[in-house]
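> Pasted the sequence and its predicted model underneath.
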Amino acid sequence: MRAARHRLAWGWAGLGLAGSLALSAAASQLLEDQPVRWWAHFELGSRALAQQLFWGGVVALCLAWLGLGFELYRDARARRRGADESREQAGALTPAWLATLGAVWAAPLIAGPALFSRDMYSYLADGELLRAGLDPYTHAPAALASIHQLALLHTVSPFWRHTTSPYGPLFVGLAAAIAAIYGGHIVLGVILLRALEVVGVALVAVFVPRLARALGADAAWASWAVVISPLTLLELIAAGHNDALMAGLLACGVYLAVRRRPLAAVAICALATAVKLPAAAAAVMIGICWLRSGERPAGVIAKGAGVFIAVLAVLSAASGVGGRWLSGNLLSVPGKVHLAITPATALGFSLHSLLRTVGAVQGASSLSYEAAFGHALTVLLVLVGLWLCWRTRYERLVSLLAALLLVAVLFGPATWPWYLPWGLVLVASLPGAQRSPWLVAVSVAPCFVVYPNGTVDLPLSSAPYVLAGYAAALALAGWWWRRGARSRRDRRAIPPLVQAGASARLGSAEVLR
């Protein structure tokens with residue numbers, strides 16, 4: 001922390017810690033009706049006061065993050081102008097300092113109750129089933145009753161008690177190892193699961209700045225954008241989602257690919273796939289880049305596919321699940337939930353509501369409409385994926401893979417906020433995307449979509465308004481892109497000799513300064 005020379009940075013750091021402490025303390029009261037009573041319980045007055053304190057803490061954390069981003073922006077602008085003060089303060093907000101600050105902000109969240117989701121209890125249930133010799137890919141958490149684990153069963157959301165595991169063998173095996181350690185103390189099991197997600201965020205903290213440097217981007221800005229963002233702290237660490245571990249391994253694999261180590265990159269992406277299946281897209285795109293690098297295609301395919309399959313086979317055997325995890329349920333489980341924030345669901349529900357209003361349908365369910373739009377978006381996702389794979393090269397790998405993962409989040413069967421880091425960890429390392437306001441908006445807005453107990457605060461009846469929001473965002477993104485493209489064309493239109501003369505004058509002014 002001694003490296004921080006900005007007084008305002010210390011103020012923002014304190015505000016973020018206060019917000020983290022406040023929301024974690026208030027959550028223990030807001031979630032007192034949950035099956036698990038947390039080890040530390042705070043009575044803060046009425047429930048309404050606890051809600052205000054909770055959301056006030058979320059707002060404080062977001063403001064602190066935005067304040068630090070403004071400090072980074074101000075330093076970067078000063079460096080471009082060649083200010084002496086900026087050179088003295090260069091490196092004040094380093095990736096290491098930001099990662100340390102992120103650990104401080106995350107500490108109350110790690111020790112606090114499970115927020116925004118009850119998925120961690122499902123993770124523990126899958127691990128307990130595997131530890132007891134039951135296959136979590138054929139036995140749902142409801143089977144915990146047969147092994148006298150009723151306390152753990154009651155913690156799992158009723159919606160998911162009869163759903164088999166959609167996760168890969170690496171994560172389920174790690175959950176089984178935790179189940180063997182926690183000794184039935186569910187609070188300890190939650191904290192141990194969070195430790196896995198902290199490992200994932202630590203991998204992001206290590207490899208995203210390196211990836212940014214390799215691409216010519218600002219490493220500190222990349223760390224700020226994903227390591228200490230509200231989305232990471234609240235939706236990955238506080239909620240404990242295994243997307244953190246997948247994203248960390250993904251960042252490591254992509255960095256190795258950019259450094260032209262494709263075999264190691266494919267192996268790391270296979271580890272990420274063994275956590276959650278979408279990471280397989282990274283292995284495919286890295287393999288395509290490798291094929292186009294000039295090596296013998298047969299050798300590339302044999303080595304790449306061989307390593308990918310071998311890693312998954314070893315993990316499947318070591319976890320004890322074999323190849324049973326590659327089942328249809330792996331893809332069908334996310335589609336069981338219907339959210340207004342999922343474009344396919346929003347489109348289907350809105351069309352059904354419109355037709356019912358004009359009398360074209362009478363009392364029919366909107367599920368068939370949602371399914372139709374879901375299939376259409378899936379086909380579109382496949383086509384977009386094929387087009388991006390066709391265009392991919394090592395030079396474009398990070399941007400195209402980020403685009404594919406983000407499109408998969410929007411076009412997939414469920415759009416949860418904690419899916420967004422799949423692509424954001426790569427977007428944050430791109431020079432052209434770092435200063436985009438969309439990166440800020442996507443890191444803050446989703447934190448207000450889900451209640452502390454895990455329910456979405458946007459009912460299906462709000463689907464038309466969600467669609468209007470998506471349309472407005474798409475229009476603004478198109479305007480922003482056209483504005484940037486026009487600016488780039490204007491810069492290219494300046495004659496090279498004029499550019500060289502301007503650069504020389506700036507260099508002379510810098511020497512005189």
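Done, it's in.

> low-scoring stretches of the stretch 401-513 of the chain, by residue?
Applying pLDDT under 70 to the stretch 401-513 of the chain flags residues 480-481, 483-513.

> whoops, the chain was the one
In the chain, residues with pLDDT under 70: 1-7, 78-92, 328-335, 359-366, 480-481, 483-513.

> for it, longest helix please?
helix 47-81 (DSSP state H).

> Find out how far that one is from the centre of the chain, if you would.
Centroid separation between helix 47-81 and its chain, computed with Cα atoms, centre = their mean, to the nearest Å, is 19 Å.

> Count the neighbours of residue 353 for me.
16 (other Cβ atoms under 10 Å). Glycine gets a C-beta too; all of them are placed from N, C-alpha and C.

> Now do the contacts for residue 349.
Listed by Cβ atoms under 8 Å, 6 or more residues apart in numbering, the contact partners of residue 349 are 338, 340, 366, 369-370, 460, 463.

> ok, and the most crowded of these?
Counting neighbours by other Cβ under 10 Å, residue 463 comes out on top of the contacts of residue 349 with 27 neighbours.

> which of the contacts of residue 349 sit farthest apart?
Farthest apart among the contacts of residue 349 by Cβ to Cβ are 340 and 369. That separation is 13.9 Å.

> doesn't residue 129 make contact with residue 320?
No. Assessed by Cβ atoms under 8 Å, residue 320 is found out of contact with residue 129, at 11.2 Å.

> Next one: the closest residue to residue 114 other than its chain neighbours from residue 402, what distance?
Computed as Cβ to Cβ, 6 or more residues apart in numbering, the closest residue to residue 114 that is not its neighbour in sequence is residue 120, at 5.1 Å. For residue 120, the distance to residue 402 equals 27 Å [Cβ to Cβ, to the nearest Å].

> Please give the number of neighbouring residues around residue 191.
19.

> Am I right that it is in contact with residue 111?
Yes. With contact defined as Cβ under 8 Å, residue 191 counts as touching residue 111 (7.3 Å).

> Identify the residues contacting the residue lying closest to residue 68 once chain neighbours are set aside.
Among residues not flanking residue 68 along the chain, residue 12 sits closest, at 4.9 Å (Cβ to Cβ, 6+ apart). Neighbouring residues of residue 12 by Cβ under 8 Å, 6+ apart: 63-65, 67-68, 71.

> again with residue 55
By Cβ under 8 Å, 6+ apart, the contact list for residue 55 reads 23, 448.

> Go again with 6 Å.
Contact criterion Cβ atoms under 6 Å, 6 or more residues apart in numbering gives no residues in contact with residue 55.

> what does residue 337 give?
residue 414.

> any idea how far residue 457 is from it?
Applying Cβ to Cβ to residue 337 and residue 457 gives a distance of 15 Å.

> just to revisit the earlier point, if you rank the contacts of residue 12 by neighbours, which is first?
Neighbour max across the contacts of residue 12 (other Cβ under 10 Å) = residue 65, 28 neighbours.

> how far away is it from residue 17?
In terms of Cβ to Cβ, residue 65 sits 12 Å off from residue 17.

> got it, and residue 232?
16 Å.

> more crowded one of these two?
Using other Cβ under 10 Å as the criterion, residue 232 and residue 17 rank with residue 232 on top: 30 against 18.

> For the spatially most central residue of the chain, give me its contacts.
Centroid-nearest residue in the chain: residue 421, 1.9 Å away (criterion: Cα atoms, centre = their mean). The contact partners of residue 421, by Cβ under 6 Å, 6+ apart, come to 243, 247.

> Give the burial count for the spatially closest residue to residue 172 that is not a sequence neighbour, as a bare number.
Spatial nearest neighbour of residue 172, chain neighbours left out: residue 126 (5.4 Å); criterion: Cβ to Cβ, 6+ apart. When counting by other Cβ under 10 Å, one arrives at 27 neighbours for residue 126.

> Can you name the helix or strand that residue 126 falls in?
Assessed by DSSP states H and E, residue 126 sits inside helix 119-131.

> List of residues touching that helix?
Residues outside helix 119-131 that contact it (Cβ under 6 Å, 6+ apart) are 114, 136, 139, 141, 144, 149, 152, 155-156, 160, 165, 172, 175-176, 178-180, 189-190, 193, 240.

> Those residues in strands, which ones?
Using DSSP state E, no member of those falls within strands.

> I only care about these that end up buried; give me the PyMOL line for that.
The PyMOL selection below is limited to those of the contacts of helix 119-131 classed as buried (16 or more other Cβ atoms under 10 Å):
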select buried, resi 114+136+139+141+144+149+152+155+156+160+165+172+175+176+178+179+189+190+193+240
